[in-house]
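S.K.: following is a predicted model, sequence given first.
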Amino acid sequence: MKKIAVFLTLLLSASLPSFAQQTWSLKACLDYGLQHFGSVRIAQYQQETANEQARQALGTYLPQVSATGNFTDNLKLQSTLLPAGFAGPEPKRISLGSKYQTVASAQLTQTIYDKAALLGLKAAEPNQKLADLSMRQTKEEIIYNIASNYYQVFIVKQQIALLKDNLDRTEKVLNVLRLQRDNGVIQAIDVTNTEVTYNNTRSQLALSESNLALALNRLKYQMGLTQDQDVNVSDSLLLRQTPQVETSQFNAPGLVSYQKAATNLELQKLQLQRIKAGYQPTLSFTASYGSMALGNQFADGFRNFTGFGSVGLRLNVPIFDGFQRDAQYKQQRLTILTQEEQLRMNVAAFGLQFNNAQTQIQKASTSIQNDERTVKQAQEVYNVVTLQYKQGTKSLTDLINADNSYRQAQSNYINSLINFYQSRLDLEQSQGTLLTFYNHL
């Protein structure tokens, strides 16, 4: 029981994150990752892009103003021939225009009616919603990846603690066996068999320490930390009590993946309306004003300006485009039908994922409780057999069997732990509650 108490104490240890000591709780890892992992910045850029796209769509219905300026030096003026009798008895050739010409003008266009542009304005809201959903999905992915890797690190650390404990116990047994061998009580083969067990445990310990380094590297990457920074995990939230599993109902519309697909479908339907709106006329108000200077001397091209201006309406009526728009419309309809069918398939897949996660966590919860009891029982048996072996009432084979059973029970318990916490993450993901999971840490 003392060994189990030590093990659970290790699981319950916690400290605040410190860059000096590099000790992190799960909550601190998630906080850091949600601020520093690169995909968060990418999602923020997507949100800003959606905002600018909304401004761009609004701009199509705002006044469009432009200005132009032009200076022309007619090196050789165009000429024409006046017929006889118009400017004299003989035909006469004259030049038209002025050598120098300067024109400055401004034009204004204001859309009065363009249904396609209005539908573009309407699409700005779901487009921004899609960017917000992408941000939420990014955060959920970060939470899932960091928590999963954090649990891996934590479990490997517990494996190392158990292996060191096993190594210490085996070494004590070895010391007794060697003394018995030297006194002729047991055969050398009994010592050799235990030394093999000791060496195997040392190899497992070395492998676990290597796995810990790899798991820490993966955790640092998911957090957005540099690989040269030391990290030590510690958390008090993992095993305060035997984990309890709460039943919940599947709700597909609550999943960010479903909401993104539904929003995409909404945008595709708006695009279909925009294509259809292309058959309708558009009406715009136009206005222009300018000033012109003419002269045959260079200086005359920049003085004595005379103004001109106009206002009007521009009506554009599409009549025939070679069936291009009709083809676009039918393509878009097929796109919508495809996405609707894909959404139905996704809902079924989401439901399957949820049901599997429910089954897995129920199984893992049962296993962790059974394995916890088994560890306690195996430890009790080992302690009793050890005492009896020292008293000479149990054989070495009985001691080795008890030790192996204790080791196996510990290994099963560790596996149950990681299965449970991974199953919990999978369940939170399948029901779209990873952010809630994070907020309740």
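M.R.: Arrived safely, thanks for sending.

S.K.: which parts of the chain are helices?
M.R.: For the chain, applying DSSP state H gives helices covering 2-12, 26-36, 38-59, 115-122, 124-182, 188-223, 256-277, 324-391, 396-430, 434-439.

S.K.: quick one: list the elements packing against the shortest one.
M.R.: What it means is helix 434-439. Under the contact definition 3 or more CB pairs under 8 Å, 6 or more residues apart in numbering; DSSP states H and E, helix 434-439 sits against helix 124-182, helix 396-430. From N, CA and C alone the C-beta is placed, and that goes for glycine too.

S.K.: what's the neighbour count on the nearest residue to residue 99 once chain neighbours are set aside?
M.R.: Nearest residue to residue 99, sequence neighbours excluded (CB to CB, 6 or more residues apart in numbering): residue 296, at 4.7 Å. Using other CB atoms under 10 Å, residue 296 is surrounded by 13 other residues.

S.K.: again, but for residue 421
M.R.: Neighbours of residue 421 (other CB under 10 Å): 23.

S.K.: my guess is it contacts residue 153, does it?
M.R.: No. With contacts counted by CB atoms under 8 Å, residue 421 stays clear of residue 153, the gap being 11.6 Å.

S.K.: how close does the residue nearest to residue 99 get to residue 314?
M.R.: Applying CB to CB, to the nearest Å, the value for residue 296 to residue 314 is 36 Å.

S.K.: next: residue 364.
M.R.: Taking CB to CB as the measure, residue 364 falls 69 Å from residue 314.

S.K.: for these two, work out which one has more neighbours and name it.
M.R.: residue 364 (24 against 12).

S.K.: contacts only, for that one.
M.R.: Residue 364 makes contact with 416, 419-420, 423 under the criterion CB atoms under 8 Å, 6 or more residues apart in numbering.

S.K.: quick check, pLDDT for residue 166.
M.R.: With respect to pLDDT, residue 166 scores 86.

S.K.: same question, the one 10 residues further on
M.R.: In this prediction, residue 176 carries a pLDDT score of 82.

S.K.: ok, residue 99 next?
M.R.: Looking at residue 99, its pLDDT is 83.

S.K.: so it sits against residue 78, correct?
M.R.: No. Using CB under 8 Å, residue 99 makes no contact with residue 78, being 11.6 Å away.

S.K.: neighbour count for those two, which is higher?
M.R.: Taking other CB under 10 Å, residue 99 and residue 78 do not tie; residue 99 has more neighbours (18 against 8).

S.K.: for the residue nearest to residue 99, give me its contacts.
M.R.: Residue 296 sits next to 98-100 when contact means CB under 8 Å, 6+ apart.

S.K.: closest to residue 33 out of those?
M.R.: residue 100 (68.7 Å; CB to CB).

S.K.: show me the residue at the heart of this structure, geometrically.
M.R.: Note on the chain: the residue nearest the mean C-alpha position is residue 138, at 2.7 Å, using CA atoms, centre = their mean.

S.K.: pretty sure that one contacts residue 42?
M.R.: Yes. In this structure residue 138 lies within contact range of residue 42 using CB under 8 Å: 7.5 Å.

S.K.: right, and residue 270 touches residue 123 too?
M.R.: Yes. Assessed by CB under 8 Å, residue 270 is found in contact with residue 123 at 4.7 Å.

S.K.: residue 262: which of the contacts of residue 364 is nearest?
M.R.: residue 423 (27.9 Å).

S.K.: if I look at that closest one, how far off is residue 66?
M.R.: Residue 423 is 63 Å from residue 66, by CB to CB.
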